[in-house]
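> Sharing a model that was predicted from the sequence below.
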Amino acid sequence: MGTTEGNNGAVVAGTDGSDHATRAVRWAAEEAELSGRPLLIVYATATRPQALYLSPQDIREMNRFAEDVLAQAAALARGLAPTARVTTRVCDGRAAACLLAEAGPGTLLVVGSRGRGGFASLLVGSDSLRVAAQSPVPVTVVPGGPEHGRTGVVLAAARDARDEETLRTAASLAARRGATLEVVSAWVLFENVGSMATMFSGADLDRIASDQAAATSRLAALAREQQPGLTVTERVTRATSVAEALVTGSVHADMIVLGARRRALPVGSALGGVTHAVLHHAQCPVVLVPHA
């Protein structure tokens, strides 16, 4: 298994040769080229966890297949990122563990939404969700399905001071691509409290909207300060569902950047409900930035 020692600041993409993984490699190669970072492409054979059930010949054949897949991925990446240093690694662990082991300081992990082993009915596979839920560094999940044309817009979801690092990451991504950064804050009024919402007047709603707009403006100002030449727009919207608002916005964006809100509950998904829904339904790559 690889270690994080040599991968600080690298873009690390997982592949298994599937169409979803190939899209992840393409996205990772573009980011490596634009950011001047090295690119590491990892193939996980999972032979170590299955060692008792595999013959030496089985392991050799699986490693040969992995090397072939990595050679094709590296050739693709070098064609897309001619100035980036591209390396490959075969890891004998499971996919999520192999990628998480590469998460050194400044690393960006990139995964496809689903690999060869995923069920067609699952929009995001278990390995991708596990990486997104556990990674201490930013993770980009690249969806399958038809690709839409470039829009020149990076969408950043922002709500409060916890999203400052999210905005910094989004500003850097947008600036490298010459894109506009759209800072979006979607708020839902007292969801799940039913008729209690009628207790609040129009003035109360106006105050809530004004407070949310002020918080969004402060975050947008951070992005402008970090990237002075970047075009930054702001949008505060009241929605029936935050996830729905972001998924709708993904149709017109090249990527969505949002904070990885994680739940501390011992059961169920570690990802927050909005994050989970956006990963499953967004029409563009989703960049998750872990909260401190």
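Nice, thanks for sending it over. Only a predicted model underlies this, so the values are computations on that prediction, with no experimental measurement involved. Numbers count the residues shown, from 1 in each chain.
> Which residues are in contact with the closest residue to residue 171 other than its chain neighbours?
Sequence neighbours aside, residue 223 is the residue nearest to residue 171 in space, at 4.0 Å (criterion: Cβ to Cβ, 6 or more residues apart in numbering). Glycine gets a C-beta too; all of them are placed from N, C-alpha and C. Counting by Cβ atoms under 8 Å, 6 or more residues apart in numbering, residue 223 makes contact with 156, 167, 168, 170, 171, 181, 183, 230, 232.
> Which of these fall within strands?
Restricting the contacts of residue 223 to those inside strands, with DSSP state E as the criterion, leaves 156, 181, 183, 232.
> how close does the nearest residue to residue 281 once chain neighbours are set aside sit to residue 219?
Spatial nearest neighbour of residue 281, excluding adjacent residues (Cβ to Cβ, 6+ apart): residue 247 at 4.6 Å. Computed as Cβ to Cβ, to the nearest Å, the residue 247 to residue 219 distance reads 21 Å.
> Same question for residue 261.
Distance of residue 261 to residue 219, given as Cβ to Cβ: 16 Å.
> cool, and residue 242?
Relative to residue 219, residue 242 is positioned 16 Å away (criterion: Cβ to Cβ).
> circling back: which entries within the contacts of residue 223 meet the buried criterion?
Neighbour counting by 16 or more other Cβ atoms under 10 Å classes 156, 167, 168, 170, 171, 181, 183, 230, 232 among those as buried.
> In contact with the fourth one, which residues are there?
Right, the one you point to is residue 170. Counting by Cβ under 8 Å, 6+ apart, residue 170 touches 154, 156, 181, 183, 223, 257, 287.
> coming back round to it: what strand or helix carries the residue nearest to residue 171?
Using DSSP states H and E, the element containing residue 223 is helix 202-226.
> cool, and residue 259?
Counting by DSSP H and E, the element that carries residue 259 is strand 255-260.
> And that strand, how far out from the chain middle?
For strand 255-260, the distance between its averaged C-alpha position and the chain's averaged C-alpha position is 7 Å (Cα atoms, centre = their mean, to the nearest Å).
> Which helix or strand lies directly C-terminal to that strand?
On the C-terminal side of strand 255-260, the closest following helix or strand by DSSP H and E is helix 273-281.
> the inter-axis angle of that following helix versus strand 255-260?
150 degrees (axes from the mean of the first three to the mean of the last three Cα atoms, to 10 degrees).
> Can you name every helix or strand that helix 273-281 contacts?
If you count contacts as 3 or more Cβ pairs under 8 Å, 6 or more residues apart in numbering; DSSP states H and E, helix 273-281 packs onto helix 126-134, helix 242-250, strand 255-260, strand 286-290.
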